[in-house]
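Trainee: One predicted model, sequence on top.
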Amino acid sequence: MAVGYPARASATLVGVSDELPSSLVGTGDTLTDAGRDALQAIISDPARTLITLDFDGTIAPIVADPEHAHADPDAVDALARLGDLVLGIVVITGRPARTAVRLGGFDRHAGLDRMVVLGQYGAERWDAHGDRFGAEPEPEAISEVEAELPGLLAGLGLSGARIEHKGRAIGVHTRELPDPGEAFDALRPALDDLARRHQLKLEPGKFVLEIRADGSDKGDAVRHIVAETGARQVIFIGDDLGDLPAFDAVRDLREHGTPGLLICSASHEEDALTIHADLVAAGPRGVAAWLGALADQLAAQ
């Protein structure tokens, strides 16, 4: 169930003990009271803090071809520095887990030896420890949808839309079309109908409409990994509508005594999460800078 979001509360952020380090908030920024409490708890007890975050648009820039959406090297370096300072680092993405690992280079960084990647909204899992990978089988309906899509797109005059097979999901990207927004709006009802006919779910994103198997979402993934690890504090960083369930999960965890910090990676294409976040970063570069500042803070303690 979605929960309400409080208005932001301004804060004076200067110190390290009772106050908060300005490098983790930004000059003139604001923070909700819950976000302030969570950040204080994270700094005080990093060893029991779980960092969870999205991939595309959060630590990897959004690009026309998703196969070239490599993670920002500064973000990965910062995560590697944080790896031995916090309880764990978990990437939660709609992409296949192996794709996120490859584009992130997570298997090539010292410090990420305990990292977990939950792909397909938790249906796939990669554990850096032992390089272990597991996945639920792909639904037959996904192949059926993929077979129907070319004819559907041609009928709408949108054959140039990019189709991305993601295992348990199919993404249709409009970013490379002459008018991405108009194409997105034209496609949405048709793809919603296609998804319903095959008992699948439509998930909108940044100029992408994703048809996937119903079941777990990023909120479920956050709840499960927090319970599994026994985290006492949690951070979630996301950028898109698909991250709202994770935001709701963290809000719910906060209501039950687990401090949580919500960070939005904002962009000119999508800012739906900004009003729900405790802190707003300027895209993947801003997220990388914030993660680096957190690593600096925790290493200096």
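Mentor: Happy to help now that I have it.
Trainee: Just the pLDDT for the residue with the largest distance to the centre of the chain.
Mentor: With Cα atoms, centre = their mean as the measure, the chain has its most outlying C-alpha, relative to the mean C-alpha position, at Gly155: 33.2 Å. Model confidence at Gly155, given as pLDDT, is 93.
Trainee: residue ranges of the helices in the stretch 151-300 of the chain, please?
Mentor: Secondary structure of the stretch 151-300 of the chain by DSSP state H, counting those that start in this stretch: the helices cover 180-197, 218-229, 244-255, 283-300.
Trainee: Go through those and name the closest to Leu118.
Mentor: For the helices of the stretch 151-300 of the chain, proximity to Leu118 was assessed by Cβ to Cβ; helix 218-229 is nearest, at 5.0 Å. The way it works is simple: take the backbone N, C-alpha and C, and place the C-beta from them, glycine included.
Trainee: Contacts for that closest one next, please.
Mentor: 50, 52, 54, 87-88, 90, 92, 116, 118, 121-122, 231, 234, 236, 238, 242-243, 245-250, 252-253, 258 (Cβ atoms under 8 Å, 6 or more residues apart in numbering).
Trainee: go on, stretch 179-193?
Mentor: Stretch 179-193 is contacted from outside by 152-153, 156, 158, 161, 172, 174, 177, 202, 204, 207, 209, 211, using Cβ under 8 Å, 6+ apart.
Trainee: one more time with 10 Å
Mentor: When contacts are taken as Cβ atoms under 10 Å, 6 or more residues apart in numbering, the neighbours of stretch 179-193 outside the stretch itself are 64, 145, 149, 152-153, 155-158, 160-161, 170, 172-177, 194, 200-202, 204-211, 269.
Trainee: in that stretch, what's buried?
Mentor: Buried residues in stretch 179-193, counting neighbours by 16 or more other Cβ atoms under 10 Å, are found at 180, 183-184, 186-187, 190-191.
Trainee: Pick out whichever of those residues sits closest to Ala277.
Mentor: Minimum distance to Ala277 across those is 23.5 Å, recorded for Phe184 (Cβ to Cβ).
Trainee: who touches the most centrally placed residue in the chain in this structure?
Mentor: Nearest to the centroid of the C-alpha atoms of the chain, with distances taken as Cα atoms, centre = their mean, sits Asp54, at 1.8 Å. If a contact means Cβ under 10 Å, 6+ apart, then Asp54 has 60, 91-95, 100, 218, 236-240, 242-243, 246, 265, 287 as its contacts.
Trainee: Okay then, goodbye and thanks.
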